[in-house]
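S.K.: when you get a sec, could you give me coordinates for this:
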Amino acid sequence: MKKILGLLLVTTGLLVGCATTANYEKVLNSWVGSQESALVSSWGPPSSVYQSDGVKYLTYSKSNSGYIPGVAPSYQTTYVGNTAYTNPVGGSPGFAYNSNCSTTFTVANRVITNWRYEGNACRSR
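M.R.: Now for the predicted structure:
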């Protein structure tokens with residue numbers, strides 16, 4: 001069980017390691033100068049739209065949460081005279097995680113002119 005969990009964590013780390021914010025910024029930069037309709041066709045409807053003074057802001061938001069279970073410790077028993085002492089060795093607690101990314105494109109005259117993002121999951125391969 002420990003080997004499988006360790007392999008899963010290493011594999012996940014390698015896959016996530018390929019996704020970077022720099023690559024995400026390259027993707028976002030590729031949209032500057034494109035038509036708003038092309039973005040919506042590719043990314044789908046935005047999560048929210050705001051318009052002010054002829055400028056439109058299209059926001060795409062995504063979030064995810066989960067729980068990574070812990071690993072139970074092994075136990076080591078030592079004897080001192082007629083008394084046994086058992087102590088936990090190793091193990092790790094589980095933990096919950098939250099990830100999110102909010103990306104806003106600025107649109108003027110139906111053309112994407114700028115972008116901004118925030119969050120801990122704004123990455124691309």
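S.K.: CA atoms for contacts and neighbours, from now on please.
M.R.: Will do.
S.K.: a helix runs through Tyr24, doesn't it?
M.R.: Yes. Judged by DSSP: H, G, I helix; E, B strand; the rest coil, Tyr24 forms part of a helix.
S.K.: roughly how far apart are the nearest residue to it once chain neighbours are set aside and Glu25?
M.R.: Spatial nearest neighbour of Tyr24, chain neighbours left out: Ser124 (4.6 Å); criterion: CA to CA, 6 or more residues apart in numbering. Ser124 sits 8 Å away from Glu25 when distances are taken as CA to CA, to the nearest Å.
S.K.: ditto for Leu58
M.R.: Using CA to CA, Leu58 is found at 17 Å from Glu25.
S.K.: Thr78 now?
M.R.: Where Glu25 is concerned, Thr78 sits at a distance of 56 Å (CA to CA).
S.K.: beta partners of the residue nearest to Tyr24?
M.R.: For Ser124, the beta-bridge partners are Thr20 (DSSP bridges).
S.K.: and the strands in the chain?
M.R.: Along the chain, the segments classed as strands by DSSP state E run 48-52, 55-68, 74-80, 83-89, 95-108, 111-119.
S.K.: tell me which of these lies nearest to Ser30.
M.R.: Taking CA to CA, strand 111-119 is the member of the strands of the chain nearest to Ser30, at 10.0 Å.
S.K.: mind listing residues that contact the closest one?
M.R.: Here strand 111-119 makes contact (CA atoms under 8 Å, 6 or more residues apart in numbering) with 28-29, 31-36, 99-107.
S.K.: again, only this time at 10 Å
M.R.: Outside strand 111-119, the residues that touch it by CA atoms under 10 Å, 6 or more residues apart in numbering are 24-25, 28-29, 31-39, 55-63, 99-108.
S.K.: can you check stretch 82-99 too?
M.R.: Defining contact as CA under 10 Å, 6+ apart, one finds that stretch 82-99 is touched by 2, 62-79, 119-122.
S.K.: surely Ala61 and Asn120 touch.
M.R.: Quick fix: residue 61 is Ser, not Ala. No. Here Ser61 lies out of contact with Asn120, judged by CA atoms under 10 Å, at a distance of 11.9 Å.
S.K.: give me the more crowded residue out of Leu58 and Glu25.
M.R.: More crowded of Leu58 and Glu25, by other CA atoms under 10 Å: Leu58, with 22 against 16.
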